[in-house]
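Novice: pasting the sequence and the predicted coordinates here, then a few questions.
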Amino acid sequence: MKLTDSVQYLKGVGPKSLENYQKLGISTIQDLLLYFPFRYEDFAGRSIFELLDGEKATVIGEVVTPANVQYYGFKRNRLTFKLKQGEAVVAVSFFNQPYLADKIEVGKEVAVYGKWEQKKQQLLGMKILTQAEGGFSPVYHLTAGMKQSSLVKTIQMAFDSGLLSELKENLPDYLLKKYRLMPRQEAVRAMHFPDDMEMHKQALRRVKFEELFYFQLKLQALKHKEKAQRFGRKVVFDRQLMEEKIQNLPFELTGAQQKSLDEILADMSSAYHMNRLLQGDVGSGKTVVASLAMYAAVLSGLQAAIMVPTEILARQHFANLENLFPELKISLLVSGLKAAERREILESLASGQTQMVVGTHALIQEAVDFYDLGLVITDEQHRFGVNQRKVLREKGQNPDVLMMTATPIPRTLAITAFGDMDVSIINELPKGRQPITTRWVKHEQLSEVLKWIKEELRQQAQVYFISPLIEESEALDLKNAVALYEELVQYFGKEVGIGLLHGKMKNEEKEQIMQTFKAGDLSVLVSTTVIEVGVDVPNATIMVIMDADRFGLSQLHQLRGRVGRGSKKSYTILVANPKTESGKNRMKIMCQTQNGFRLAEEDLKMRGSGEIFGVRQSGLPEFLAADIVNDYNILEVARQEAQEVFKTPERPEYQMMLADLDVDGGFD
Ligand SMILES: Nc1ncnc2c1ncn2[C@@H]1O[C@H](COP(=O)(O)OP(=O)(O)OP(=O)(O)O)[C@@H](O)[C@H]1O
């Protein structure tokens, strides 16, 4: 027999059970050996005194009375005996297992696994454990029609076959030594049948390392392949003009903005294709960096495109770009344009007349052709699927790619999900920003809040009110927004300009309201979460979020990021009467910190990584043993080691590892 033989070679695995095994991804004996349990039943002996009523546990003790089997009714019976542990003596009963009597010998030590019944001071036995079963027993994921015990038996058989000795070590010696990792064969055995907790811990550490190391190797391989294959466009631009543009900005770039811009420009000027993530907390000033990158492309005679998730944002970016580059031909491509207007823009893009374009999903429609697209930027990358980004990219010939995100991705996730990308981080806010004061109030206190806002409105403040989110129902969402709007109109009276913004409005209407608010002609804007990302009105200083406990931390942070964007003192009021502990916690954390990275870490802990940005979309694989949040330390080390390999990939000792990487398959 060989490791690659079908599991059918093992006794007891017929065609029917083979199907079940295949459902679990097990075809060969090797697959079976590598099918690890997801948890262990703890059969380690416990002290009687610490057992709680109803708890299942193993009690080891000395048999002090012979087994007594009583029959009653039809075929039913009960076996009892007494067990002594230290000074304590307890009764043990087994129902309908009379044959166990053979194992009960006075004076002998036995281990009984059962349920503790406190009142009767009795252990309701379920199993007498053999020595091999003591300690830990593996528990595996099964499919319907499969039994735990028969799977364990088959795995045991696979071990008995001796084939484990043929399983090749897949980590090089230097790593095993450096991190004191268990050899593969030993680890595989200990994953299934560990002697004790410590042994299992070591086996798991090795398996996780192996998993994360190979994952990182693959990411690095993808990155190198991209670089090698994809000769990008070498952008050559007039540095003098760029400098002048920067000098003419109404503000000085922060150090972090300058650094990110330098990194981006260096990528663009190189012969390689750029694949970079620009990450910055809310309000850190990513837009201007992206705009200057677009400028570099245009100066070198190429077109630049930026794709954003909402029309409000597209219009905002468009206005910014027009402002910054009055000398350029800039187009705005969104859905719902008049046919003639749209045709004109498409022609202008195809002829190369348009130098920069801002758009929504409308940009990736088939009819959209570019003359020579050199730079593609996507804003809020997690809102676009991998494919949508690809479509836009393919509208050019290997254009440079920049993704921007305001969702601070914890470092853990960034290096995991974007290990194949370079990352620039803007970790500094523009000068003169004041911390935002965040307060959590109950609904009962709302009237005081409103009183205070009335006062602030007299001092020319601008205020956002976010209406409660009803995820299940857009209709209710809308109703809430309208109701809130009406209440506020009634409360503040006619003299205060109040606007309403929601997802169901026509785009022109939305745009008009946004413009009036931005111009200061409205003082209060009642809105659903449509303003969550990107909206920039530096004069707005107060945000009230109704039923704030309905939102996740990252979303609250994005919303709050709409204030505190200028030099004026800003406030966020969270109105909530949370019913759950996690709701209360979220309110508290929001009041404690304004640091997006910290909030994202907390969010990740509370909700798991899949929620932050869909696992599928991000292209993250599912890990068998490792957990990218909790095993962050291992992930870091694995990444460093993988990087080391790619410094000199031609070395013979690396060949074994690199040979098996299926780089073409990607991760999805
Ligand atoms: N260096 C700077 N100094 C002062 N103000 C700046 C600076 N850079 C950007 N700003 C201003 O800060 C505000 C926020 O910038 P921007 O809209 O680019 O943020 P962002 O990173 O895109 O944030 P968000 O993700 O929240 O939309 C804008 O009004 C912008 O004009």
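Specialist: Thanks, I have it. Worth saying up front: this structure is predicted, and the values here are computed from it rather than measured.
Novice: so is stretch 278-295 next to the ligand?
Specialist: Yes - using Cβ under 6 Å from any ligand atom, stretch 278-295 reaches the ligand at Gly280, Val282, Gly283, Ser284, Gly285, Lys286, Thr287, Val288. C-beta coordinates here come from the backbone N, C-alpha and C atoms, glycine included.
Novice: now, these that are in strands?
Specialist: Gly280 (DSSP state E).
Novice: how about the residues of stretch 278-295 next to the ligand, which pair is most distant?
Specialist: The span of the residues of stretch 278-295 next to the ligand, defined through Cβ to Cβ, is set by Val282 and Val288 at 14.7 Å.
Novice: quick one, which of the residues of stretch 278-295 next to the ligand are buried?
Specialist: Among these, those classed as buried by neighbour count (16 or more other Cβ atoms under 10 Å) are Gly280, Val282, Gly283, Ser284, Gly285, Lys286, Thr287, Val288.
Novice: with pLDDT added, can I get these in CSV?
Specialist: Formatted as CSV, those follow (pLDDT from 0 to 100):
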residue, pLDDT
Gly280, 86
Val282, 84
Gly283, 85
Ser284, 89
Gly285, 92
Lys286, 93
Thr287, 93
Val288, 96
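Novice: any chance of those residues in JSON lines, plus distance to Glu322?
Specialist: Below are these laid out as JSON lines (distance: Cβ to Cβ, whole Å):
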{"residue": "Gly280", "distance to Glu322": "23"}
{"residue": "Val282", "distance to Glu322": "24"}
{"residue": "Gly283", "distance to Glu322": "22"}
{"residue": "Ser284", "distance to Glu322": "23"}
{"residue": "Gly285", "distance to Glu322": "18"}
{"residue": "Lys286", "distance to Glu322": "18"}
{"residue": "Thr287", "distance to Glu322": "13"}
{"residue": "Val288", "distance to Glu322": "14"}
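Novice: which one among those gets closest to Ala319?
Specialist: Nearest to Ala319 out of those is Thr287 (Cβ to Cβ; 11.1 Å).
Novice: once you drop chain neighbours, what's closest to the closest one?
Specialist: Nearest non-adjacent residue to Thr287, counting by Cβ to Cβ, 6 or more residues apart in numbering: Asn320, 6.3 Å away.
Novice: is whatever helix or strand the one you found lives in positioned near the ligand?
Specialist: Element membership of Asn320, judged by DSSP states H and E, is helix 311-324. No - taking Cβ under 6 Å from any ligand atom as the criterion, helix 311-324 and the ligand are apart, separated by no less than 7.8 Å.
Novice: other residues contacting that helix?
Specialist: 245, 249, 287-288, 291, 294, 306, 308, 328, 330, 332, 334-335, 356, 358-360, 379, 507, 510-511, 514, 530-531, 533-536 (Cβ atoms under 8 Å, 6 or more residues apart in numbering).
Novice: from Ala111, how far off is the residue nearest to Thr287?
Specialist: Relative to Ala111, Asn320 is positioned 73 Å away (Cβ to Cβ, to the nearest Å).
Novice: any idea which element Thr4 lies in?
Specialist: Counting by DSSP H and E, Thr4 is part of no helix or strand.
Novice: just give the closest residue to it, not the sequence neighbours.
Specialist: Thr28 (5.2 Å).
Novice: now Val463: phi and psi?
Specialist: Main-chain torsions, Val463, degrees, to the nearest 10: phi -130, psi 140.
Novice: what sits against it?
Specialist: Contacts of Val463 by Cβ under 8 Å, 6+ apart are Ile453, Glu456, Leu457, Ser523, Val524, Leu525, Ala540, Thr541, Ile542, Met543, Val544.
Novice: how near is the fifth one to Gly499?
Specialist: Right, Val524. The gap separating Val524 from Gly499 is 7 Å, by Cβ to Cβ.
Novice: what does the stretch 451-600 of the chain put close to the ligand?
Specialist: Applying Cβ under 6 Å from any ligand atom, we find that the stretch 451-600 of the chain lies next to the ligand at Gly534, Asp536, Pro538, Gly561, Arg565.
Novice: what does the pLDDT read for Glu622?
Specialist: Glu622 is assigned 64 on the pLDDT scale.
Novice: ditto for Ile409
Specialist: pLDDT, Ile409: 68.
Novice: what do you get for Glu252?
Specialist: Glu252 carries a pLDDT score of 94 in this model.
Novice: now swap in Glu474 and tell me
Specialist: 63.
Novice: what about the residue lying closest to Leu624 once chain neighbours are set aside, distance to Lys588?
Specialist: Leaving aside its sequence neighbours, Leu624 sits nearest to Glu211 (Cβ to Cβ, 6+ apart; 6.3 Å). Between Glu211 and Lys588 the computed distance is 35 Å (Cβ to Cβ).
Novice: any low-confidence regions in the protein?
Specialist: 42-43, 130-136, 226-232, 380-389, 408-420, 469-477, 532-534, 606-622, 628-629, 662-668 (pLDDT under 70).
Novice: so which bits of it are right by the ligand?
Specialist: Residues of the chain lying near the ligand (Cβ under 6 Å from any ligand atom): 251-254, 257, 280, 282-288, 406, 430, 534, 536, 538, 561, 565.
Novice: try 8 Å
Specialist: Residues of the chain that fall close to the ligand, judged by Cβ under 8 Å from any ligand atom: 249-254, 257, 280-289, 320, 379, 404, 406, 426, 430-432, 533-536, 538, 558, 561-562, 565-566.
Novice: show me just the buried residues among those.
Specialist: Going by neighbour count (16+ other Cβ under 10 Å), the residues of the chain next to the ligand have 253-254, 257, 280-289, 320, 379, 404, 406, 426, 430, 533-536, 558, 561-562, 565-566 buried.
Novice: got phi/psi on Val59?
Specialist: Dihedral angles of Val59 (phi, psi; degrees, to the nearest 10) stand at phi -120, psi 130.
Novice: now the one 10 residues further on
Specialist: Dihedral angles of Val69 (phi, psi; degrees, to the nearest 10) stand at phi -110, psi 120.
Novice: quick check: beta-bridge partners of it?
Specialist: When assigned by DSSP bridges, Val69 has beta-bridge partners Leu79.
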